[in-house]
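Enquirer: need a structure here:
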Amino acid sequence: MTQQYLFSEREKEVVELLLQGKSNKQIALALGVSQSTVEYHLKNVYKKLQVNSRTEAVLQLGKSIGDNAPSKLGKPTVEMDGEPADNNGKPISTRRIPMKNLLYMIGGLLAIILTAVPIITNIPVKNTGFMPTAQTTNIPLQLTPTIFLSPTPATSSKEHVLEQINQLATKYDQAVQAEKQNGKVEFSKDPNTGEDIFLFKEESYFRIGELFSQFLLEKTQLEQFYIQLYRDETLPTPFPTQSSSEQDKAYYEYMMGQSDMFCSLESWEQDTYADKVMAYDPNIGKYRAIFMGDVIARCEIYGRMLEEFRVSPLLAKVNKDMDMAMIRQVTGKSDLRPSFQSIQGIANAPSRSAALYVDESGTNYYVDIETSRLAQIEPHFPTHPNIPADKTKNIDELRAIAEKFALENSPRLADLKSTLLYEENGKGDIYFFRWDYRNKDWSGTDWAMMPPFLQVGVLANGDVVIYINTLDLFK
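Expert: Numbering: from 1, shown residues only. Coordinates of the predicted model:
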């Protein structure tokens with residue numbers, strides 16, 4: 001957690017959403033800011049972390065959180081720093097470059113600790129209706145006059161959820177006050193406002209930090225019930241499709257701008273009817289408003305509608321049968337039955353979208369919509385893979401397997417190979433082989449923050465389990 005203190009409050013919010021795997025557009029919507037503002041903050045985050053790409057930032061942040069995460073919420077699947085330096089006696093190349101992309105696979109587990117924070121720090125406000133009438137003054141499009149039907153009065157079920165959240169907050173506050181009396185605390189004042197601040201130290205900090213994370217996690221889980229109840233009452237209608245793709249894009253940008261009304265902290269603070277509790281935040285040493293209820297539900301539903309509107313033209317381009325056949329061919333598993341899940345952004349590729357497929361083991365496959373190429377394989381490991389000694393291959397064999405797989409699936413690699421930076425590394429029974437294009441000047445392009453690369457992760461037995469290819473996605 002210590003690295004978070006390097007960031008401004010807004011940068012912390014961006015980082016927390018980044019760790020959830022959200023795209024720049026999704027972060028912009030959640031924070032109620034423009035996409036260019038998100039990119040500006042990300043640039044500062046990369047600079048402070050001394051990294052050059054989104055993936056490296058996720059790995060660095062994941063490692064920091066994983067090293068300090070409260071035990072109650074679980075540890076990362078792979079203890080990156082706890083493994084012996086000699087790799088348990090297994091062979092590994094001397095060309096060691098830090099490549100901890102296995103943490104990327106378990107980012108979801110790490111993000112659990114922070115999953116509620118962005119929802120809380122970037123949440124909406126309470127009104128009786130959901131959406132105002134859309135104005136057509138500056139956008140000559142077919143705007144819907146009313147996006148939501150009038151909601152029915154709040155039910156006791158919704159009120160019960162809010163009461164449970166209040167009980168969680170009360171229980172957490174009792175623990176804070178007890179620790180304040182008996183634990184290690186440093187008292188001071190905010191130099192700007194004169195407000196009293198008390199920061200917990202050493203084991204007191206980790207104890208309260210764990211309880212705060214647990215409070216946010218349980219609050220988020222309760223809010224999922226609230227959001228569904230609110231959705232059932234309001235019966236939201238989808239954004240109307242426009243008459244052309246250009247108008248669709250303009251309409252989407254317009255509605256993104258309107259999200260400030262529902263998904264900005266400023267608007268929530270101005271709403272005197274917004275449901276909230278005050279909770280102590282151990283990272284800033286004082287109490288802050290934790291919003292809940294209708295304000296969160298409105299923002300969440302609005303975001304879902306925007307995403308559904310955004311991906312509708314992309315869905316029309318997806319050929320599921322062809323994608324699934326291609327996945328089977330690439331993996332060499334003719335009996336694989338991946339199922340389509342959704343449209344997702346490709347974390348390492350700016351402004352690219354993929355069709356996400358998941359197989360029976362939980363492995364994710366991202367197929368770039370524009371090129372119909374497999375851009376990523378992201379496996380689901382319940383535990384760190386442990387390969388029996390008699391099944392392991394030496395590093396030369398593993399390197400050959402990775403290179404063969406990469407060349408077979410990348411049209412560009414053969415031509416660019418001599419100009420790319422090559423790196424390899426391993427942890428436990430998984431080895432990474434990477435061809436990186438960061439040695440080229442990408443300034444002024446969409447790839448300035450995350451240069452293209454191709455990476456193959458191979459288990460010690462020779463099974464290819466990880467694949468990330470953005471090398472074939474830039475123009």
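Enquirer: neighbours around the closest residue in space to L211 that isn't next to it in sequence, how many?
Expert: Sequence neighbours aside, A175 is the residue nearest to L211 in space, at 5.3 Å (criterion: C-beta to C-beta, 6 or more residues apart in numbering). Placement of C-beta: from N, CA and C, glycine included. By the criterion of other C-beta atoms under 10 Å, A175 has 17 neighbours.
Enquirer: quick check: which element contains A175?
Expert: In this assignment (DSSP states H and E), A175 forms part of helix 156-182.
Enquirer: picking that back up, do you know the pLDDT at the residue nearest to L211?
Expert: The model reports A175 with a pLDDT of 95.
Enquirer: on that earlier part again, how about the helix holding A175: buried residues?
Expert: 158, 161-162, 165, 168-169, 172-173, 175-176, 179 (16 or more other C-beta atoms under 10 Å).
Enquirer: and the contacts of stretch 432-449?
Expert: For stretch 432-449, contacts defined as C-beta atoms under 8 Å, 6 or more residues apart in numbering pick out 39, 42-43, 46, 52-54, 97, 99, 101-102, 350-351, 398-399, 402-403, 406, 413, 416-417, 419-426, 451-458, 466, 471, 474.
Enquirer: only the buried subset of those residues, as a ChimeraX command please.
Expert: Only the buried entries of the contacts of stretch 432-449 go into this ChimeraX selection, using 16+ other C-beta under 10 Å:
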select :39,42,46,52,53,54,99,101,102,350,398,399,402,403,406,413,416,420,423,424,425,426,451,452,453,454,455,456,457,458,466,471,474
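Enquirer: which ones among the contacts of stretch 432-449 lie within strands?
Expert: Of the contacts of stretch 432-449, the ones assigned to strands by DSSP state E are 421-426, 453-458, 466.
Enquirer: lowest-confidence one in those?
Expert: Within these, the minimum per-residue pLDDT falls on G426 (85).
Enquirer: so what's it bridging to?
Expert: Y431 (DSSP bridges).
Enquirer: and L199, by the same measure?
Expert: With DSSP bridges applied, L199 shows beta-bridge pairing to E186.
Enquirer: please name the residues that touch it.
Expert: 185-186, 188, 205, 282, 285.
Enquirer: return the member of those nearest to L211.
Expert: For the contacts of L199, the closest approach to L211 (C-beta to C-beta) belongs to P282, at 8.7 Å.
Enquirer: quick one: that closest one and L216, what's the gap?
Expert: P282 sits 11 Å away from L216, going by C-beta to C-beta, to the nearest Å.
Enquirer: helix/strand/coil for the residue lying farthest from the centre of the chain?
Expert: The C-alpha centroid of the chain is most remote from D390, which lies 38.1 Å away (C-alpha atoms, centre = their mean). Put simply, D390 is helix when judged by DSSP: H, G, I helix; E, B strand; the rest coil.
Enquirer: any idea how far it lies from S351?
Expert: The gap separating D390 from S351 is 47 Å, by C-beta to C-beta.
Enquirer: for the stretch 251-400 of the chain, which segments count as strands?
Expert: With DSSP state E, counting those that start in this stretch as the criterion, the stretch 251-400 of the chain has strands at 276-281, 286-291, 339-345, 353-358, 364-368, 374-378.
Enquirer: should've said the stretch 101-250 of the chain
Expert: With DSSP E, counting those that start in this stretch as the criterion, the stretch 101-250 of the chain has strands spanning 185-189, 196-200.
Enquirer: pretty sure S267 sits against S259.
Expert: No - S267 is beyond contact range of S259, at 9.7 Å (criterion: C-beta atoms under 8 Å).
Enquirer: and for stretch 179-190, what's in contact with it?
Expert: Contacts of stretch 179-190 (C-beta under 8 Å, 6+ apart): 195-205, 207-208, 285-286.
Enquirer: narrow the residues you listed to just the buried residues.
Expert: With burial judged by 16+ other C-beta under 10 Å, the buried subset of those is 199-200, 204-205, 207-208, 285-286.
Enquirer: so where's the stretch 151-300 of the chain shaky on pLDDT?
Expert: For the stretch 151-300 of the chain, the stretches with pLDDT under 70 are 151-156.
Enquirer: switch the cut-off to 90
Expert: By pLDDT under 90, the low-scoring segments of the stretch 151-300 of the chain are 151-157, 189-196, 209, 213-214, 216-225, 227-228, 231-273, 283-284, 295-300.
Enquirer: distance of L454 from F340?
Expert: Distance, L454 to F340, using C-beta to C-beta: 25 Å.
Enquirer: sorry, slip of the keys, the one I care about is D436.
Expert: Per C-beta to C-beta, D436 is found 31 Å from F340.
Enquirer: excluding its backbone neighbours, what's nearest L473?
Expert: Residue nearest to L473 in three dimensions, not counting chain neighbours: A349, with 5.0 Å by C-beta to C-beta, 6+ apart.
Enquirer: ok, now A289?
Expert: Excluding its sequence neighbours, the residue lying closest to A289 (C-beta to C-beta, 6+ apart) is K276, at 4.7 Å.
Enquirer: beta partners of the one you found?
Expert: Applying DSSP bridges to K276 gives these bridge partners: F291.
Enquirer: and the buried ones among the contacts of stretch 179-190, which two are furthest apart?
Expert: Of all pairs drawn from these, the greatest distance, 17.8 Å, lies between R207 and K286 (C-beta to C-beta).
Enquirer: for the residue farthest from the centre of the chain, report the pLDDT, please.
Expert: For D390, the model assigns a pLDDT of 91.
Enquirer: what sits against it?
Expert: For D390, no contacting residues are found, by C-beta under 8 Å, 6+ apart.
Enquirer: ok, and for the helix ranked longest in the chain, which residues are buried?
Expert: Secondary structure of the chain read by DSSP state H shows that its longest helix is helix 202-234. By neighbour count with 16+ other C-beta under 10 Å, helix 202-234 contains the buried residues 204-220, 222-223, 226-227, 229-231, 233-234.
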